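1. Provided below for reference: sequence and predicted model.
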Amino acid sequence: MRPTIPVKTTLTVLTFVALLMVPQAIPSLKNYMSIEPKSAATILNFPVATANSEVRADPLASPENLAQALNKQLVAKAPKNLTDPTHVLNHFYAALLKGEGVHIIHYGDSPTTADLITADARALFQREFGDGGVGFVLLARPWAWYNRRGVEMSASNWKIDIAGNSPLKDGLNGLGAVSFRGAPGAIARWKVKGAAHRSVEIAYLVEPEGGAFAVEADSQPIGTGSSTAAPGAAAFVPGYASFDIPPGAAEIALTVTSGSIRFYGADFRRGTGVVYSSLGVNGANVTLLSNSFNEAHWAAELRHYKPDLIIVNYGTNESGFPNFVDTTWGREMRKAVARLQRAVPEASILLMSPMDRGTKGAGGEIDTIPTMPRLVATESKIAGDTGVAFFNTFEAMGGAGTMGRWYTSEPRLVGSDYIHPMPAGARIVGELLFTALREGFNQYKVQELKQKIVEQAERTGREASQRP
Amino acid sequence: MAIFLLYWPLARVRALALAAILLANYFFYAKWDLRYLALIPAASTCDFLFGWGLQSSNRAWVRRALVTASIVMNIGLLAVLRYAPARTLALPLTLSFYVFQALTYTIDIYRGDAKGTKSYLAHLIAVSFFPTTLAGPITRVSSLIDQFEKRKPLDPADGSRALFLIGMGLMKKLLIADYLSSNLVNRVFDFPTLYTGAETLIAVYAYALQIYYDFSGYTDIARGSALLLGIKLPVNFNRPYAAENVADFWRRWHISLSNWLRDYLYFSLPGKRSKVFAYVNLVITMVLGGLWHGANWNFVIWGALHGFGLAFARLWQRQFGGTTASRTSGSVLWRYGSIILTFHYVTFAWIFFRAPTFDNALAILGRIASLSASFANISAPLAFVLLAGVLAHYVPKKWYDWSLALYVEAPFYAQAGVLALLVLGLQNVVQSGAAPFIYTKF
């Protein structure tokens, strides 16, 4: 039988197409348009997939190569995104210039918890200004997501309290906003990769009836400590016990030998150089700093660790709540900055804006969440008002729509939540932060040099005028 | 649908009808990259000439040389497109399914399983038939040539079935597969440690559903599109998660690939009559099948898990008889236990298939083993889609047949209305664009 036009199916197809075209003719139905006649011409667009960006088109390109390629494009913009009108960063720059050890403390949310961004920034700072050691590490991993690059951790038998997310509301949260209570049987181990560290300092809460603990290096005892307050001494204050690490020891273990102790973490030091402590809390927002810490306790902790630069890096979690952003966020950020300024007035403070955050639009495109530009603008204004520095991460990485571009790049630079950067994306942000601060440092050095030349010239002039 | 409207008015004239399909085939390739317009005809022409040589020659060495040349050329094409530095080619499709389909032509003629064709045009069309271009179903070229040559009128019932299949495919893909991938699966596999053990386990189950609905949705659309032109493509899926063992699973999952692997790879391996080699060859076949998906250890593990599963099923069959548990034992409990066990074994293997790296797969397993239970990331709509996906998979086949019959018997305007409502509904419910089909990357 010779083929003929299939009448019923043809009628079905034509009717179907006609029905889809109805909204074209009736303006009130325009929200139901499925066919866009104007886009029909694109059906004759035939691509030739050339390597428009060599690295981007190469699926074999390593994330590192891609990060480097993108970074080249972005780095030039970075200095413009660091504002420091009151030169609050000069303290930090001076410490870098002095070269006798610099401590950076970075408070943030989930990317900081996983040591994304911070690990890359740390590596760059330590490569250029010396490696002062791992810095402050929590006693155990409160979340599977918690990570510190170069440190292997294992722990058991601890009761973990996370500031703002625990029935314990005393605010005695140590430096890192997490505390770990343990009794005999509780153990924590750290294995630090790379060059050996010289010392480890254990941080805990001094209590009227505390406990005792022992520290070992490669299974050899290196010291003991007690968290019980001495008679007449203050209790419920931070306590520290420092231990020398024998050369070549790789693993440090801490065990509770008696009583009950509330620990905070361990600070590993290697010598002079940069120490970059990343202090992230999953799901955190700025109220962690403005409300969840007991102010006196936190101030004591901060003074002990003597940060030269404190980076405050929140906003991503808050951006999902427009009302909070518009009514409360700015107030809480000001409160957090004020607490820091009161605690360590000499330290440089840098507000680091959140990264872009993507959300899927009606047509499937990945847009920037609407609150983000408002939140970043608010943060910039707060930095200006409170006299601290501001790094606009959002603009440095490309502004609105960045996560959409990052999601579709090959390899992907952001996860499928359009929030958390993949390691290659985190590296870009880490490099942007480092590059901006290094640029600022270079400018500071030039200023210092000029100042010295002027002073030298004045001195020479004075000496010349005093000569007979 | 445009091709449907173009094809049937020309269908009375053989050359015009075939030319219309050839145009459609090459149009689809050109939409991916214009360079396919040189590559595909060149490769197809070579295979046509090899096939012509095989039809013309009775000398064993000539025939062996011709079929070897065809295999080398096609596998070489696949290897170059898949593994050559992208900077030199940057072609978006690896042509796996084209190669599998093309090889059926020359190997079948060589083995005497098919006659081959003298029609260059028919061969060009069959070997690059557009509905099968991206991800199958892999169809024997000889079967397609037969259907193109014996053009028949489109039965109204077949026309309705075609539209029903396309509608079903769109729903499977957009409502279930894409929703699960963007709202759970991709997120968990990107950063497993951000999620609890329970959420990770649900994401793994969700991936099992996602890959089924994505791939079977594609197959439905492909089969429907071909059927609109009167061409019947083979069934590729048959409720795979109702399988009672791994062998049964491969009779229900990606059937055209498992048949291809069996007919063109497994049967070609030495030692068929050996008791031990029969098992070893199953593992080798599946590991090679895994490696086809990508050159990394995860796919090797996935293939090996299925190879061992198949070997175990065969051993069981030898020891106890029957091909499925229900046939060896009448127990309903035993049957459902086998289904649940097989589903979990297959789903365990999917972890390695989906995870981008071995470490990521271990992280997924580690999170599940943590037994941490919180469901903060499982929203109510997500739970609903998951449940719908499970129910739709296990719904009795007669329900599907009943709804198909209802659609087929409906008047044209009702059919069109249902399709229009479906498109409108998908557009408003999904609102996130379609993700690429999973198997187009292989």
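-> Arrived safely, thanks for sending.
2. what's the burial count for the nearest residue to residue A:264 once chain neighbours are set aside?
-> Leaving aside its sequence neighbours, residue A:264 sits nearest to residue A:174 (Cβ to Cβ, 6 or more residues apart in numbering or on different chains; 2.8 Å). Bear in mind the C-beta positions are built from the backbone N, C-alpha and C, glycine included. Applying other Cβ atoms under 10 Å in any protein chain shown, we find 25 residues neighbouring residue A:174.
3. sticking with the closest residue to residue B:188 other than its chain neighbours, tell me its helix or strand.
-> Excluding the flanking residues, the one nearest residue B:188 by Cβ to Cβ, 6+ apart is residue B:203, at 3.6 Å. Counting by DSSP states H and E, the element that carries residue B:203 is helix B:197-228.
4. quick one: mean pLDDT for that helix?
-> Helix B:197-228 carries an average pLDDT of 96.
5. look at residue 8 and report its pLDDT.
-> Unless you meant another one, I'm taking chain A. 92.
6. my bad, chain B
-> 89.
7. surely it meets residue A:7?
-> No - here residue B:8 lies out of contact with residue A:7, judged by Cβ atoms under 8 Å, at a distance of 9.8 Å.
8. how close does whichever residue of the stretch 151-300 of chain A sits closest to chain B get to residue A:149?
-> Residue of the stretch 151-300 of chain A nearest chain B, by Cβ to the nearest Cβ: residue A:282 (7.7 Å). According to Cβ to Cβ, to the nearest Å, residue A:282 and residue A:149 sit 17 Å apart.
9. again with residue B:124
-> Residue B:124 is 56 Å from residue A:149, by Cβ to Cβ.
10. the more surrounded of those two?
-> Shown here are residue B:124 and residue A:149; by other Cβ under 10 Å, residue B:124 has more neighbours (21 against 15).
11. I figured residue A:360 hits residue A:366, correct?
-> Yes - with contact defined as Cβ under 8 Å, residue A:360 and residue A:366 form a contacting pair (6.0 Å).
12. quick one: what helix or strand has the residue in the stretch 251-400 of chain A that chain B sits nearest to in it?
-> Closest approach of the stretch 251-400 of chain A to chain B (Cβ to the nearest Cβ) occurs at residue A:364, with a separation of 2.3 Å. Following DSSP H and E, one finds residue A:364 outside all helices and strands.
13. so residue B:81 sits against residue B:95, correct?
-> Yes - judged on Cβ under 8 Å, residue B:81 makes contact with residue B:95 at a distance of 5.6 Å.
14. circling back: contact partners for the residue nearest to residue B:188?
-> Residues near residue B:203 by Cβ atoms under 8 Å, 6 or more residues apart in numbering or on different chains: B:184-185, B:187-189, B:195.
15. quick one: least confident helix or strand in chain A?
-> Across the helices and strands of chain A, the lowest-confidence element by mean pLDDT, DSSP states H and E is helix A:54-57, at a mean of 40.
16. related to what we said a few turns ago, need phi/psi at the residue nearest to residue A:264.
-> With angles defined as degrees, to the nearest 10, residue A:174 sits at phi 70, psi -160.
17. check the one 10 residues further on too.
-> Dihedral angles of residue A:184 (phi, psi; degrees, to the nearest 10) stand at phi -50, psi 130.
18. any stretches of the stretch 1-150 of chain B with poor pLDDT?
-> Along the stretch 1-150 of chain B, segments meeting pLDDT under 70 span B:85-91.
19. residues contacting whatever residue of it ends up closest to chain A?
-> Chain A sits closest to residue B:11 of the stretch 1-150 of chain B, with a gap of 3.9 Å, by Cβ to the nearest Cβ. By Cβ under 8 Å, 6+ apart, residue B:11 lies in contact with A:3-5, B:17, B:151.
20. list phi and psi for it.
-> phi -60, psi -20.
21. could you do the one 10 residues further on as well?
-> Its backbone dihedrals place residue B:21 at phi -70, psi -40, with angles given as degrees, to the nearest 10.
22. re earlier: and residue B:81 and residue B:95? Which one has more around it.
-> Shown here are residue B:81 and residue B:95; by other Cβ under 10 Å, residue B:95 has more neighbours (24 against 19).
23. contacting residues for the most centrally placed residue in chain A?
-> Central residue of chain A (Cα atoms, centre = their mean): residue A:112, 3.8 Å from the mean position. By Cβ under 8 Å, 6+ apart, the contact set of residue A:112 is A:106, A:118, A:278-280, A:313.
24. likewise for residue B:256?
-> B:136-139, B:234, B:236.
25. what helix or strand does whatever residue of the stretch 51-200 of chain A ends up closest to chain B sit in?
-> Using Cβ to the nearest Cβ, the closest approach of the stretch 51-200 of chain A to chain B is made by residue A:144 at 3.9 Å. Under DSSP H and E, no helix or strand contains residue A:144.
26. the helices in chain A, which residues?
-> A:7-25, A:54-57, A:63-75, A:90-98, A:110-113, A:118-129, A:287, A:295-305, A:322-324, A:330-343, A:371-386, A:393-396, A:402-408, A:423-466 (DSSP state H).
27. and the nearest residue to residue A:120 once chain neighbours are set aside, what does it touch?
-> Distances taken as Cβ to Cβ, 6+ apart place residue A:430 nearest to residue A:120, at 2.8 Å, with adjacent residues excluded. By Cβ under 8 Å, 6+ apart, the contact list for residue A:430 reads A:117-121, A:123-124.
28. do you know how far residue A:430 is from residue A:352?
-> Residue A:430 sits 11 Å away from residue A:352, going by Cβ to Cβ.
29. ditto for residue A:128
-> In terms of Cβ to Cβ, residue A:128 sits 19 Å off from residue A:352.
30. check the burial of the residue of the stretch 251-400 of chain A closest to chain B by counting its neighbours.
-> Neighbours of residue A:364 (other Cβ under 10 Å): 14.
31. need the per-residue pLDDT for it.
-> Per the predicted model, pLDDT is 74 at residue A:364.
32. same deal with the one 5 residues further on?
-> Note for residue A:369: predicted pLDDT of 95.
33. one more: residue B:415?
-> 95.
34. repeat for residue B:270
-> 80.
35. can you list phi and psi of it for me?
-> phi -70, psi 160.
36. what distance do you get for it to chain A?
-> 34 Å (Cβ to the nearest Cβ, to the nearest Å).
37. quick one: which of residue A:128 and residue A:352 has more around it?
-> A direct count of neighbours by other Cβ under 10 Å for residue A:128 and residue A:352 places residue A:352 higher, at 28 against 13.
38. ok, that one - contacts?
-> Applying Cβ under 8 Å, 6+ apart, the residues near residue A:352 are A:106, A:108, A:311-313, A:390-391, A:393, A:433.
39. one more time with 7 Å
-> A:311-313, A:391, A:393, A:433 (Cβ atoms under 7 Å, 6 or more residues apart in numbering or on different chains).
40. columns neighbour count and distance to residue B:57 on top of those residues, output as TSV?
-> As requested, these are exported to TSV (neighbours: other Cβ atoms under 10 Å in any protein chain shown; distance: Cβ to Cβ, whole Å):
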residue	neighbour count	distance to residue B:57
A:311	25	76
A:312	22	79
A:313	27	73
A:391	26	74
A:393	23	69
A:433	27	70
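41. fine, thanks again, bye for now.
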